[in-house]
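S.K.: sequence plus predicted model, see below.
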Amino acid sequence: MSLKDKVLFVTGASRGIGLAIALRAAADGAKIVIAAKTVEANSKLPGTIYTAAEEIRARGGEALPVPLDVRDEGQVREAIDQAVAKFGGIDILVNNAGAIQLTGTEATEMKRYDLMQSVNVRAVYMLSKYALPYLRRSENGHILNLSPPINLDPGWLSHHVAYTISKYGMSLCTLGMAKEFEAEGIAVNSLWPETAVDTSAVRNLLGGDKTVARSRKPEIVADAAYWIFNQKSREVTGNLFIDSQVLAKSGVTDLSSYSCVAGAALSDLMPDFFIGKAPERLPVPQIVGGAAQGQPRPALAAAGKERIGADQDKAALEGADAIGQYQTFSLSCRNSVGMLKLNRPAQVNCLPMTFFEELPGAIRQLEELDCRALIIHGQGKHFCAGIDLSVLGDEGFLKASTLKEKERLQALILRLQAALTSLSEAKFPVLAAVDGYCLGAGLDLVSACDFRFATEKAQFAIEEINVGLMADLGTLQRLPRLMPEGLVRKMAFTGERLSGKRAFDCGFVSELFPDAESMLKAAEECAARMAGKESSAMAASKQALNFNGGHTVSDSLQECARLQALYLRPEVVMENVKRIKMR
């Protein structure tokens, strides 16, 4: 078998699986078109189309780096024209570029839906369409799509419908085009990893070394692709291949050399998405727009395993660990630690109506990403100076003369309360890191968090009384459980400010710091410790603590027993006990 002088057009080939496929072909002396977006080095995602070209040439192949956004029809046609002008044709098209965001329907923005449809299924269709005239001229033309078997287990659809249909759309292209081009002798197949694959995204965003230890090397996919390319195109077509199955066909049954950790058994590795029965709970990525990832992406399966998508590298290209596009805050998740930063420093991070509309969806998205802890802080000198005055100045907001208007106002307040309650009801602990002003609605917000860090410059106040309002978003209900009620009453009636030190002295603030830098560092260290704990135990502990309020000790103990039975994972406990005994 040899690919000498064959021309491969590979999308997303600047790193990861795409580059591994290109390098495997280059070893035979193939001619590779590296078609990808990355033209400048990125500290998180090393590798560009130009560095990939250097590696290909060093391996013995020829290379043509071509900047390409696979969504742009003009760029696609130009890239194919360049490939043909340079190498005289195209023998093999590898549709490896991809986008991923593992969010549920409500949490998926339409532009992210469109991105996945464009980068995944539309790009496959378009590249195949424009490469077709040249593939016809090849003696052994192949199209290979990096897409999964079509597993109709509803679990693979229900957790991230948008992503799944985009990937299954690629596989439908495989099946349909294989039949369509059958008479012309052009093979169309799909290839998908059996397990997680070690890529830059795994190292940077999906748990780092811990996840790498449960992954295989990209070379396993490359070797499987190599076997497919060397088969007669009229005989091997219309398949939705799994890499390990392909290698078995080629006579390779010992896959241990592909494991990132020597001696790792298949049971030690993370299964990829769409392989076998769907887990009961899945992640989201964080992404396409971000990628989702760290333990952020993995999901806990019924059998206690996580799963990683094969588009992980492309997810990182779409925005690293940033999640979604929010107007009033930025949101990210790395190594299972979420970071929500209020991003309106020019408005002293005052909260507009949009914030209350965005917050519940952001919490749901973090839960889907298997976030284990969340830090909330403010950009600039102040955490939050309260609700945006434009909201209070809105005549429609304050107008409450008729019964209908009063009912409308009541419904609006309940919606705002529910938005902040999403913090206290989140399955993970939420830590507020406060510097400068924390007034009015800002105090409502941090009161809904599990605990608070603050700087000595922090100032807390029930500011509503100063504009003629009662605090109505949770402060009056939550603060008396967090500090002496007499102090809460004094703040509620006078509007006076509580210093960071006094808030620490009365127990409202858990830790006090001299400046924002040291506070955020400590918050990140604390969140990392929490993220390292078993997520089911953390969720159960938070629910038990929340239940205590308003219930007797007896009722709370019964609820505690119920939660333990519901959330207990014996295999995790046994593993931790063994680890403790070995110390």
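M.R.: The structure has been received and is ready for your questions.
S.K.: now the nearest residue to Ser200 once chain neighbours are set aside: how far from Arg214?
M.R.: Of all residues not flanking Ser200 in the chain, Leu45 sits nearest, at 4.8 Å (CB to CB, 6 or more residues apart in numbering). Using the backbone N, CA and C atoms, a C-beta is placed for each residue, glycine as well. Using CB to CB, to the nearest Å, one gets 21 Å for the distance from Leu45 to Arg214.
S.K.: for Arg15, same thing?
M.R.: 20 Å.
S.K.: so these two - more neighbours on which side?
M.R.: Arg15 (26 against 23; other CB atoms under 10 Å).
S.K.: now that one: closest residue in space that isn't a chain neighbour?
M.R.: Arg15 sits nearest to Gly47 (CB to CB, 6+ apart), 3.8 Å away.
S.K.: correct me, but the one you found touches Ser200?
M.R.: Yes - assessed by CB atoms under 8 Å, Gly47 is found in contact with Ser200 at 7.4 Å.
S.K.: list the residues that contact both of those two?
M.R.: Arg15 (CB atoms under 8 Å, 6 or more residues apart in numbering).
S.K.: tell me what the longest helix seen in the chain is packed against?
M.R.: In the chain, assigned by DSSP state H, the helix with the most residues is helix 403-424. Contact here means 3 or more CB pairs under 8 Å, 6 or more residues apart in numbering; DSSP states H and E; on that basis helix 403-424 packs against helix 353-368, helix 441-447.
S.K.: can I get it in CSV, CA atoms only?
M.R.: Provided in CSV are the C-alpha atoms of helix 403-424 (Å, rounded to 0.1, in the frame of the first residue of the first chain):
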residue,chain,number,x,y,z
LEU,A,403,-54.8,45.9,39.2
LYS,A,404,-53.4,44.6,35.9
GLU,A,405,-50.3,46.8,36.3
LYS,A,406,-49.7,45.6,39.8
GLU,A,407,-50.0,41.9,38.7
ARG,A,408,-47.6,42.7,35.9
LEU,A,409,-45.1,44.2,38.3
GLN,A,410,-45.4,41.2,40.7
ALA,A,411,-44.8,38.8,37.9
LEU,A,412,-41.7,40.8,36.8
ILE,A,413,-40.3,40.8,40.3
LEU,A,414,-40.8,37.0,40.6
ARG,A,415,-38.9,36.5,37.3
LEU,A,416,-36.0,38.6,38.6
GLN,A,417,-36.0,36.7,41.9
ALA,A,418,-36.0,33.4,40.0
ALA,A,419,-33.0,34.5,38.0
LEU,A,420,-30.9,35.0,41.1
THR,A,421,-32.3,31.8,42.7
SER,A,422,-30.7,29.9,39.8
LEU,A,423,-27.4,30.5,41.7
SER,A,424,-28.6,29.0,44.9
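S.K.: give me the mean pLDDT for the following helix or strand past that helix.
M.R.: Under the assignment DSSP states H and E, the closest C-terminal helix or strand after helix 403-424 is strand 430-434. Mean pLDDT, computed over strand 430-434, is 97.
S.K.: what do you get for stretch 107-124?
M.R.: Confidence over stretch 107-124 (mean pLDDT, whole number) is 92.
S.K.: that stretch: end-to-end distance?
M.R.: One end of stretch 107-124 sits 26 Å from the other (CA to CA, to the nearest Å).
S.K.: okay, now the domains of this structure?
M.R.: Per automatic domain parsing, the structural domains of the chain span 7-268, 326-387+426-531, 535-581.
S.K.: make sure Lys406 is actually in contact with Leu412.
M.R.: No - checked against CB under 8 Å, the pair Lys406 and Leu412 is beyond contact range at 10.7 Å.
S.K.: neighbour count winner among those two?
M.R.: Leu412 (16 against 12).
S.K.: of all the helices and strands packed on helix 403-424, which one is nearest Thr402?
M.R.: Ranking these by proximity to Thr402 (CB to CB) places helix 353-368 first, at 21.9 Å.
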